[in-house]
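*Asks:* With the sequence up front, the predicted model follows.
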Amino acid sequence: MLSVSRGSIFSAGQRSEPPPPRGASRPWVAERRGLERFHTEQPPYSLLNRGIEREVLPVAQRYGMGVMVWGPLAQEMLTGRVRRNQENTLIRAGFVKHVNDERRIDVVERFISLAEEAGMPLTHLAMAFTTAHAGVTSALAGARTMAHLDDVLAGLDVQLDDDLLDRIDEIVPPGTDVGTLDQDYMPPALQTAGLRRRRAGERAAA
């Protein structure tokens, strides 16, 4: 990376929304080609979106990369403001589809019950979950108001025990996502039928 070699920057990172699967191989490619590699990764990660546990976090741990996850409150879905059979008052609800996804809302209800059973606010459960992963360096809360910030700061010392983490795994299995984010990476072959189908007349097995 020219800017690094000239001393303009000391290290580089990238934000992924979310990262495509091939993104996990970038440190390996840079190492093989003698290139400057990214030192940090910034993917989305929450109780509802655990896809990075499959490749991104293991690769980051292997190469010693810092991981600063964003969206630990799932774009406000894990604040308690989004409930089943209640009006969705989030401003983004008018233009972001995934905050109206009934599958995600159903899972949020289960996490609300789990948080109540554990004796903590849903926000504290959500934040503590993201930082419980050994591959996560920090979680970016993105608080918009002082009240939001105070709530997040109040839960800094919350630690989830193994039993509670196991309960979370039962609701959303490791490495899986509940629905997809509007920003989710969509491979070209899934968007264009012609890239995944043989031409007419060439589709017979024989």
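*Replies:* Okay, I see it.
*Asks:* So which residues make contact with the longest strand anywhere in the chain?
*Replies:* For the chain, the strand with the greatest residue count under DSSP state E is strand 66-70. Here strand 66-70 makes contact (C-beta atoms under 8 Å, 6 or more residues apart in numbering) with 13, 15, 39-46, 52, 56-57, 60, 130, 135-140, 142. C-beta coordinates here come from the backbone N, C-alpha and C atoms, glycine included.
*Asks:* Counting neighbours, which of these end up buried?
*Replies:* When the contacts of strand 66-70 are checked for burial by 16 or more other C-beta atoms under 10 Å, the buried set is 40-46, 52, 56-57, 60, 130, 135-136, 139.
*Asks:* quick one: which of the residues you listed sit in helices?
*Replies:* Cross-referencing the buried ones among the contacts of strand 66-70 against helices under DSSP state H gives 56-57, 60, 130.
*Asks:* Relative to Asn85, which of the residues you listed is nearest.
*Replies:* Nearest to Asn85 among those is Thr130, at 27.9 Å by C-beta to C-beta.
*Asks:* What degree of burial does Ala193 show, as a neighbour count?
*Replies:* Ala193: 8 surrounding residues under other C-beta atoms under 10 Å.
*Asks:* That's all I had, so thanks and see you.
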